[in-house]
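**Student:** any chance you can model this:
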Amino acid sequence: MSQEMDKSCMFNRRGFLKRTGAGAACAFAGRAIGGLFGTPAAAAPAPAATQAAPASAAAKPNVVVIIADDLGYGDLGCYGATKVKTPNADKLAAQGLRLTDAHSSAAVCTPTRYSLMTGQYAWRKPGTGILSGVASLCIDTDRLTLPAMMKRAGYATGCVGKWHLGLGDGNLDYNSEIKPGPLDVGFDYCYIIPATGDRVPCVYVENRRVVNLDPADPIQVSYGKKVGDDPTGQENPELLKMKYSHGHDGTIVNGISRIGFMAGGKAARWVDEDMAGAITAKAVEYIEKNKDRPFFLYFATHEIHVPRAVPERFRGSSQCGLRGDVIQEFDWSVGRIADALERLGLAENTLLIVTSDNGPVFDDGYADGSGKDLNGHKPAGPLRGGKSSSYEGGTRVPLLVRWPRRVKPATSDALICQIDLLASLASLTGQKLPEAAGPDSTDVLPALLGESKQGRDSLVEQGSGLAIRKGNWKYIPPRGPGRKQKTDKDAKAPTTANAATGELYDLSTDLGETKNLAAENPAKVKELADLLSKIQETGKSR
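**Tutor:** Model (predicted):
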């Protein structure tokens, strides 16, 4: 996404992006892979969930959610990929449940993560568009979140990896205590990349402090004008080891120019090639530290988001270029987590979920060759569109579930969304959500565990606008004069008219959304348009 578009976004009541003021959230800090966990900071009190009689500690499954960034439906071997090797993800698929109609709630990062945490469609809340590195926390601290709900059930709660949900309350200073943040919405511990790798500041944050920050070298961050005297991609392109294609022409860190400007914090800056190793080590460390009590770990990898920078051992390891190499590095991270659970004797009673925040993208700001070196690889598989799109390729993502004690190996086409984790895990832990919590989260626990083929009845998909699924029918409302549906230009998606009737597809016979059936099915169009309007106007769908 270009620097021009990296402003706080919010969605109007029809779900279309509209600009609001200054940028939003992202930050990272530090470098070290090793080190011991400090004493977790206390999280703010969470709204109580009505709780059923809790299961014994021994009976409670650990829960680990691994969410990749920009991993497409067709990017894993177990979903049909042949040019990349993903043996660890494929092993989980063979041991557990592989879902073929699972979705993120949105086709871009921040809205998906907001919905997963809160059980609320992000388009209902202003300020949940793609955030910059200086945006405020976009989750209300008095809202019941997924980690807060798990904490009420007696779980330790940890967040490692990409955050991208904002930090602070409008006056963010990376040189002092950082709050509110993950610790204020239910997590006991966090080690985070505050936004994305292509946005400043390029540092990690552990609990409330930047890692390895030298007080004598304070951090400055700006998304307006240049700060400090660090070279930028625009002024010093000869210093770049990875050329930018659009927007990413700000401060150069580790030979890569970013969105925005930063100065200071030299000792705290990450090395991109080390990032997967650093955060994966912290995730494993968290599992080791909490192995004797029930724990919930939210592990959000940076792969396969730009900038795509991998250690030498992964470079050239796939058959479809740098993007493929990064997919294989992601699979390595998955393997490290699975291995840790096995080594500690925790795998049998751990619910492990692997998924992605949205569909694939190729050129996302850097000229790294992605999209030109696919060699037959299809990142979205049989789907149309990708990241930012309202077509299925925008939100239909891989979702694997392994829990040997309960989940049997199978494939399921149940309609499930990540937004359902709040209600489903509440059910798993014997809790009843308060009326106001998780307004769009559906309890699909039987489908999530492969015990039922019945998932949710309908789903609103947020892409270049809002679309709605009901069963196998998909409706995309008219976009109005001059508006075009965003698809990944490299995907060569077919052109489909979006006239006054919008677009209607029968996914049971047309998974690639190539034949618009709106004109010949006016009753179905009205049914789905009315349902979408009702969900928007009612304020909840649970």
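**Student:** C-alpha from now on. contacts and neighbour counts both.
**Tutor:** OK.
**Student:** residue 170: neighbouring residues, count only.
**Tutor:** Neighbours of residue 170 under the rule other Cα atoms under 10 Å: 12.
**Student:** where does it sit: helix, strand or coil?
**Tutor:** Three-state call for residue 170 (DSSP: H, G, I helix; E, B strand; the rest coil): coil.
**Student:** and it, its phi and psi?
**Tutor:** With angles defined as degrees, to the nearest 10, residue 170 sits at phi 120, psi -20.
**Student:** helix/strand/coil for the nearest residue to it once chain neighbours are set aside?
**Tutor:** Leaving out its chain neighbours, the residue that sits closest to residue 170 by Cα to Cα, 6 or more residues apart in numbering is residue 136, at 5.2 Å. Secondary structure, three-state DSSP: residue 136 is coil.
**Student:** wouldn't residue 136 be in contact with residue 166 here?
**Tutor:** Yes: contact between residue 136 and residue 166 holds when scored by Cα atoms under 8 Å: they sit 4.7 Å apart.
**Student:** who has more neighbours out of these two?
**Tutor:** residue 166 (31 against 25).
**Student:** how about the helices in the chain?
**Tutor:** Secondary structure of the chain by DSSP state H: the helices cover 87-95, 109-118, 146-152, 275-289, 321-343, 392-395, 421-428, 445-448, 522-538.
**Student:** and the chain, what are its domains?
**Tutor:** According to automatic domain parsing, the chain is divided into the following domains: 9-210+272-456, 459-538.
**Student:** tell me how far the residue nearest to the spatial centre of the chain lies from residue 77.
**Tutor:** What sits nearest the mean C-alpha location of the chain, by Cα atoms, centre = their mean, is residue 357, with 3.2 Å. Distance of residue 357 to residue 77, computed by Cα to Cα, to the nearest Å: 18 Å.
**Student:** and if you look at residue 354?
**Tutor:** From residue 354 over to residue 77 the distance is 14 Å, taken as Cα to Cα.
**Student:** ok, how many other residues are close to the nearest residue to residue 397 once chain neighbours are set aside?
**Tutor:** Computed as Cα to Cα, 6+ apart, the closest residue to residue 397 that is not its neighbour in sequence is residue 73, at 4.6 Å. Residues within reach of residue 73, counting by other Cα under 10 Å, total 34.
**Student:** contact partners for residue 73?
**Tutor:** Residue 73 makes contacts with 79, 359, 360, 379, 380, 381, 383, 393, 396, 397, 398, as judged by Cα atoms under 8 Å, 6 or more residues apart in numbering.
**Student:** wait, which of the residues you listed is closest to residue 341?
**Tutor:** residue 398 (21.3 Å; Cα to Cα).
**Student:** find residues that contact each of residue 354 and residue 77.
**Tutor:** Residues touching both residue 354 and residue 77 by Cα under 8 Å, 6+ apart: residue 89.
**Student:** which of those two has more residues huddled nearby?
**Tutor:** Using other Cα under 10 Å, the more surrounded residue of residue 354 and residue 77 is residue 354, with 21 against 18.
**Student:** tell me the confidence at that one?
**Tutor:** Per-residue pLDDT puts residue 354 at 98.
**Student:** wait, doesn't it sit right on residue 418?
**Tutor:** No: with contact defined as Cα under 8 Å, residue 354 does not reach residue 418; the gap is 10.8 Å.
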